[in-house]
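Asks: When you get a sec, could you give me coordinates for this:
(one chain, ligands or ions: 1)
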Amino acid sequence: MRFLKLFIALPFFVIGQNHEQFQFDGPAILIHGGAGGIERKYYTNEQIATYDSSLRVVLNAGYTLLDEGCSGMDVVVHCLTLLENNPLFNAGKGAVVTAEGTVELDASVMNGATKKAGAVAGLKRIKNPAKLARDIMEYTPHILLIGDGAESFAKTREHEFVENSYFLTAKRKGQYQRWKEMKKNGTVGVVLKDAHGDLYAGTSTGGMMGKQYGRVGDVPLIGAGTYADNHGAAVSCTGHGEYFIRENVAFQVNARMQFEGLTLEQSASRIIFGVLNEDAGNGGLIAIDAKGNATWTFNSKGMFRGAKGKMKTSQKVMLHTDIFGDPTWPENCGF
Ligand code: ASP
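Replies: From the prediction side, this is the model:
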């Protein structure tokens, strides 16, 4: 059944699983577009198809570049930029808003071969935060720049500036009016193994709807929302950031693999279904290791997600996307 699910060429899957694993041979990419109270009943077929095709566009673009031998960092930033420019997702255009009705963006990227990382927080005018995070990694001695300081550095690197209102879509304005009832999260993330065998991760977000002005979530904190290490895994998280910060989730996936000897899949499940659940934290992650093992795992109702790569067993290239979760997971997960 699992085998069938992976290979039948359906346009999308309406019944998903909160935990899946893949084994890839060669370059491979996984993306997410946020986790949260994403349930079938809230979406029309057209909306599902639009989300699905948006995920596929990014996966196809990313995989093509990886297959051509492009550096993983170029691909991570390219894919994050596509997702940031897509108003469907909570990153860049379409980001959620603060309690004051403005948009503040966070992002980070990490290279698993060098462990170099770059991050930004509290951006109000930079169109593509992931690009700026990369430039901070490459052109400053620092890892994280915030607010005005980050934007002033951006002027030296020819980043595109926009008015804060550019990020606000009609949908987010409507959600802002009723944000107190909202449970849905967002965020976009990319993890991949490139043709050179190196791991990369990146994450970009508007944060949490109605967040306090100045609040910084897990996304720009290396080890919380994003981490990559060739000896462990590349990980990108989404969910209620305060819990991911407290538990250092992205690094903890790596730590449990390297120090506890768990597989990637075991480590991800232990953290999401064990540690995070016990803490009542909500969200999920995508991850890939240097052997090509990959997983997505989430304890929320759904997570926009997809993967593309050559399957180790069949040697066929698989493109798989999914949105909703399996509500029976607590009985099955074993933690
Ligand atoms: N983790 C993000 C934050 O807390 C939000 C999300 O993933 O939806 O800022």
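
Asks: tell me the mean pLDDT for the longest strand along the chain?
Replies: Secondary structure of the chain read by DSSP state E shows that its longest strand is strand 19-36. Across strand 19-36, pLDDT averages out at 96.

Asks: Tell me which stretches of the stretch 151-300 of the chain form helices.
Replies: For the stretch 151-300 of the chain, the helices defined by DSSP state H, counting those that start in this stretch cover 170-177, 241-247, 249-260, 264-269, 277-278.

Asks: er, the stretch 1-150 of the chain I mean
Replies: Counting by DSSP H, counting those that start in this stretch, the helices of the stretch 1-150 of the chain are 2-7, 45-67, 72-85, 129-139, 147-155.

Asks: Any idea which of these has the lowest pLDDT on average?
Replies: Mean pLDDT is lowest for helix 2-7 out of these, coming in at a mean of 41.

Asks: any idea how far the residue most central in space within the chain lies from the ligand?
Replies: Centroid-nearest residue in the chain, with C-alpha atoms, centre = their mean: residue 189, separated by 2.0 Å. As defined by C-beta to the nearest ligand atom, to the nearest Å, residue 189 lies at a distance of 8 Å from the ligand. C-beta coordinates here come from the backbone N, C-alpha and C atoms, glycine included.

Asks: hang on, that residue packs against residue 228?
Replies: No - under the criterion of C-beta atoms under 8 Å, residue 189 makes no contact with residue 228, lying 11.5 Å away.

Asks: anything in contact with each of the two?
Replies: With contacts taken as C-beta atoms under 8 Å, 6 or more residues apart in numbering, residue 189 and residue 228 have residue 201 as neighbours in common.

Asks: coming back round to it: now do the buried residues in the longest strand of the chain.
Replies: Buried residues in strand 19-36, counted by 16 or more other C-beta atoms under 10 Å: 19-22, 24, 26-36.

Asks: what's the angle between that strand and helix 45-67?
Replies: Relative orientation of strand 19-36 and helix 45-67, computed by axes from the mean of the first three to the mean of the last three C-alpha atoms, to 10 degrees: 120 degrees.

Asks: so where's this protein shaky on pLDDT?
Replies: Applying pLDDT under 70 to the chain flags residues 1-16, 175-185, 327-335.

Asks: Enumerate the residues of it near the ligand.
Replies: Counting by C-beta under 6 Å from any ligand atom, the chain comes close to the ligand at 34, 90, 185-187, 205, 207-208, 217-219, 225, 238-241.

Asks: Could you count how many residues lie near residue 239?
Replies: Using other C-beta atoms under 10 Å, residue 239 has 28 neighbouring residues.

Asks: Pretty sure it sits against residue 284.
Replies: Yes - contact status for residue 239 versus residue 284: in contact at 6.1 Å, counting by C-beta under 8 Å.

Asks: for residue 214, what are its contacts?
Replies: Each residue near residue 214 by C-beta under 8 Å, 6+ apart is listed here: 104, 122.

Asks: Please read the previous query as pertaining to residue 251.
Replies: Here residue 251 is in contact with 222-224, 227 (C-beta under 8 Å, 6+ apart).

Asks: again, but for residue 238
Replies: Residue 238 neighbours (C-beta under 8 Å, 6+ apart): 32, 34-35, 185-187, 189, 203, 205, 225, 283-285, 298, 303.

Asks: still on that earlier bit, tell me the two of the buried residues of strand 19-36 that are most distant?
Replies: Pairwise distances across these (C-beta to C-beta) peak at 32.3 Å, for the pair 26 and 36.
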